[in-house]
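# I'd like to go over a predicted model; first the sequence, then the structure.
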Amino acid sequence: MRTKLLLFFTLFSVLCSYVLLAEQNQQLSVSGIVTDRLNDPLPGVTIQIKGTGQGTVTDIDGKYNIVVPSGNAILVFSFIGYQTQEISVGQRQSIDVVLNEATTELEEMVVVGYGQQKKESVVAALSTISAVGLRQTPASNLGIALAGRLPGLTVLQRSGVPGGEAMDFYIRGRSTVNGQAPLTLVDGVERDFQALDPREVETITVLKDASATAVYGVRGANGVIIVTTRRGKATSKPVIDITTEQSWQTPTRLPKMVSAYDYALLRNQVETQNNRQPIYDEYALEHYRLGDSPELYPVRNFVNEFIRDYSPMQRVNVNVNGGSEKMRYFTTVGYLHQEGIFKTEKFKEYDYDPQSKANRVNFRSNFDIDLNDNLAMFLNVSGYMQKKNDPVVVPHNAGYLNDVNGYSIVIGSLLQTPNNYHNDITPDGEVLTNSLKGGNINNVPYGMLNRTGFRNTQTTQVTATLGVEQKLDFITKGLSVKVIASYDAFSSNQQVRERTFQLYEAIKDPDNPESVKYQPTGTNPNSTLSDAQYQNSNNLFNIDASLNYARTLGKHNVTGMLLFNRYQRVVNIELPYNYIGLVGRATYGYDNRYLGEINFGYNGSEQFAPGHKMGFFPSFSLGWVLSEEEFMENSSDWLTFLKLRASYGQVGNDNMNGSRFAFLTLWEGSHESQIGNNKLAWEKANKYNIGLETRFLNNFDFDVDVFYEKRNNILIPATGLIPTGMFGTGGVNVSGIIPKVNAGIIENKGFELTGTYQKSINRDIRLDIRANSAFNRNKVIYLSEVFLPEDYAYRLRSTGFRLGQNFGYETAGFFNTEQDILDWYDQSGVGATPKLGDLKYKDKNGDGIIDEKDMVPIGDPEVPEWTFGLGFNFQYKNFDFSMMWQGAAARSYYLTGQKIWETYNFNEWHKEAWSQERYDNGQKISYPRLEPGSNASKVRADFWYTNGNYLRLKNLEVGYTFPAKISKVINASLIRFYVNGLNLLTFDNYPVKYQDPEQNNELLYPVFKTYNMGINISF
């Protein structure tokens, strides 16, 4: 029996071995390359063995290798945006595949208000970009990367505070004196997008005309920015993407204050030309020149000593996407660390670190689930957590517990303090100052940065959006219903640990003039750390419920949408901000040639009185695709697409610069503190747009839009309509509370141009060039302005001019001799009797006297009329190169404040100030006579208005993708190393380069130039 069993197992083993050997002999190793129709390799293409879960993806060179069980296997090649192909293996071991695009560019879906449309059928004025280009900009704020990339969108970075950058956005310029900020949406919900990680963003779309924004009704007049985040794609295995970056940031510009020795010389110059004794004698001047006695004669450079040459920034992002046809996911986590520019020291006595730094973690998970063939849902959960540390700067004053106010004091102190005034600390570690600072004795850079304590701000935002869509084909094909509910929770908690510090002054020791003595000054003691807490919260609830219809019947394409929207935001314990509305859209297309669309928004706001809360905002647009007409067939070999479109509509704006409930009359005791107007309503923007879109010669695109907007019903104070005085508003408790009325009228017009060129020269070389430019000019028609008397050179200062038009004096050089002063007009009306070296002003009204009646328009407004961008991308084999130029024109900047004027200190420009010696010697004079404080030259005049045009190299990047054989060492599908930079070069016409041209205040935190290196690995 045992012999039979042994024989059986022997035969069974031999049979199994034979079967396994036969199967191994049938397995095939198949390799090849996947390219597109231009012969460019396609990395990341999924190759699956049909009917199994086995598969692989192509590497960066489009190559793949897969083992199939037999020649009967079928390989499925799939890639987003391309047609899926199925290929039988047979006995082939090499299979090269060419994938064709599933959709052309014009068939791509673009984001519109509350939905998506095919690009070829869009008749609204909008611009869209992929976020891929934004990832080339090493900035902590996503908004910085948008500058110059979208026509009609003006982006100005005002401040570079870590974790608190200040940005201004304008869509098609300015059209109102009230809130001009566009509505910003993330995945269709009103949210701030600036803290998003660029690698969680898919596209950014700017909606500009009424056809695009009417659906937002009372909030759409200023345009809309829509950010769409990335979503998962069905893949054979999860795709893991890891990016890490290291950056070094440095201010684009800093003021150049004079040395300790030069300050003493210039200060003496001021005294002597005013017939006073010099402050600094030859003995002191020599010590400042030599720097050999720093205790009594300090030689400093406050700007350079307290501002770091480079501040580090690190960013890490990990994202995973994948899933099946039924469930897809995208999830990402990003980390950002950024340090500030100011040099600080840990204060050992209380063991705290005042260094400015921010740490932020972003997270997002987007899920799409097809519950069945007719029911789908999605869930988005995202947010960020940020911890930010800063010095207190001004203790026990809540008004300075924010970045703008706090750091402006520090910057002001660095500019105000001459480099020969004082050192930082005594030998015992006490803070030094100088009594020459007068009322600013406490503004000591070292003390404000290191001895006032710290403020730690923790910010958290969590957003959640749940959506469900049910097809209603059982009622009629193409009908569906969709419900989206969103809830956002934002909170900010600030812990403030603050203290005051005792100040000391270094003086000569009366008993030994060659030594120094330190004596206390000021009124603040060295106090202990006290504690304060501040909280802020913000919660949002939003719900959209829509009925949608989309159907193609032969040559007819019809879509429709009816949507109900409810929005509520609660800020701290304030009354909620509420919006409610009904939105509708209907589109019609015939034979892809004739397009029509109607949109409307019927919504309202609690901003206005009962009976005036709701409004109706319609828009109408038409499109004609001429390239589809028979008479254009002869042009089809070079002109592939030509579309004309036009739109008109009315949109509203209820952004009243933060003021609420202006329709109410408020009282303080027996006095009115606000005179209400219960007939107030929103601004009405009547918008017209004509557009042309072209695609020609296979590689060229050119689009143009021309627009006109007339904004009326603008809410303005009725200063020109309501009398003041005894029988007017003179009896109210507070001046300036004249009720506001909907009376302002402003028009705005301009055009936008966009051109692109894309060419794959061969499989190794690809070239992309993108250029855009936009121009807009506004004009004030009516702002309730009162005419000035007839003897004014210009009787109106706003009506008929552009918003922000500057008025001042025209100059005619300097007073170089006493005879010049005697022969010139009487300038005492300017505010001071002129002296030698002061500016001359022209008599514009002919009365022989220089005063405010002679003011005329000077320069341009600060917000530019022209914006433009030029992007260039070049790829050669594994190397890639890109750069982005951005600029603005037709703008002016008012040179004023502590970086420019000699109010407290002197800068390098002041060395060329007028003096008798320089005039007699024929030396260059480019600045008026020096006179700290106010004088006849420090008034608004064309001398102080500089051309604000600028051109900058916004972004430059060079990258290298390692060959597949290197990537495979770590089982990666892609390894790419790159270096890039932000704001690398800036060209402008400023007479002195003390401030970044995008900034509009001399005390704002500097804007950064950034150098960055990074590596991206995909698995």
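Cool, got the structure. Residues are numbered from 1 along each chain as shown.
# for residue 514, give its distance to residue 420.
Distance, residue 514 to residue 420, by Cβ to Cβ, to the nearest Å: 18 Å. Any C-beta I mention is one placed from the backbone N, CA and C, and that applies to glycine too.
# looking at the two, which is more packed in?
residue 420 (25 against 8; other Cβ atoms under 10 Å).
# next one: that one from residue 994, what distance?
Taken as Cβ to Cβ, the span from residue 420 to residue 994 is 20 Å.
# repeat that for residue 519.
Computed as Cβ to Cβ, the residue 519 to residue 994 distance reads 35 Å.
# lowest-confidence helix or strand of this protein?
Scoring the helices and strands of the chain by mean pLDDT, DSSP states H and E places helix 2-26 at the bottom, with a mean of 42.
# ok, then the element right after it?
strand 28-35 (DSSP states H and E).
# between residue 519 and residue 994, who's got more neighbours?
For residue 519 versus residue 994, the count of surrounding residues by other Cβ under 10 Å is larger for residue 994: 19 against 8.
# contacting residues for the more buried one?
Counting by Cβ atoms under 8 Å, 6 or more residues apart in numbering, residue 994 touches 253, 254, 255, 256, 899, 900, 907, 1002.
# show me where the stretch 101-250 of the chain has strands.
Ranges of strands in the stretch 101-250 of the chain, per DSSP state E, counting those that start in this stretch, are 109-112, 115-118, 126-130, 153-159, 166-171, 183-186, 189-190, 201-207, 224-229, 239-251.
# mean pLDDT and mean neighbour count added to those strands, as TSV?
TSV is the format used below for the strands of the stretch 101-250 of the chain (pLDDT from 0 to 100; neighbours: other Cβ atoms under 10 Å):
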stretch	mean pLDDT	mean neighbour count
strand 109-112	89	19
strand 115-118	91	16
strand 126-130	93	19
strand 153-159	95	22
strand 166-171	95	20
strand 183-186	96	20
strand 189-190	93	18
strand 201-207	96	22
strand 224-229	96	22
strand 239-251	96	19
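# just send these back as a markdown table, with distance to residue 536 too.
Shown next, in a markdown table, are the strands of the stretch 101-250 of the chain (distance: least, Cβ to Cβ, whole Å):
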| stretch | distance to residue 536 |
| --- | --- |
| strand 109-112 | 31 |
| strand 115-118 | 34 |
| strand 126-130 | 33 |
| strand 153-159 | 20 |
| strand 166-171 | 18 |
| strand 183-186 | 19 |
| strand 189-190 | 18 |
| strand 201-207 | 26 |
| strand 224-229 | 24 |
| strand 239-251 | 28 |
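# determine which of those approaches residue 786 most closely.
Closest approach to residue 786 among the strands of the stretch 101-250 of the chain (Cβ to Cβ): strand 166-171, 28.7 Å.
# got the CA coordinates for that closest one in CSV?
Coordinates of the C-alpha atoms in strand 166-171 are reproduced here as CSV (Å, rounded to 0.1, in the frame of the first residue of the first chain):
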residue,chain,number,x,y,z
ALA,A,166,-1.3,90.9,1.6
MET,A,167,-2.6,90.7,-2.0
ASP,A,168,-4.9,92.9,-4.1
PHE,A,169,-6.8,91.4,-7.0
TYR,A,170,-8.7,93.4,-9.7
ILE,A,171,-10.6,91.9,-12.6
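# report the angle between it and strand 201-207.
Orientation check (axes from the mean of the first three to the mean of the last three Cα atoms, to 10 degrees): strand 166-171 against strand 201-207 gives 50 degrees.
# who does strand 166-171 pair up with?
Partners of strand 166-171 in the sheet, by DSSP bridges, are strand 153-159 (antiparallel).
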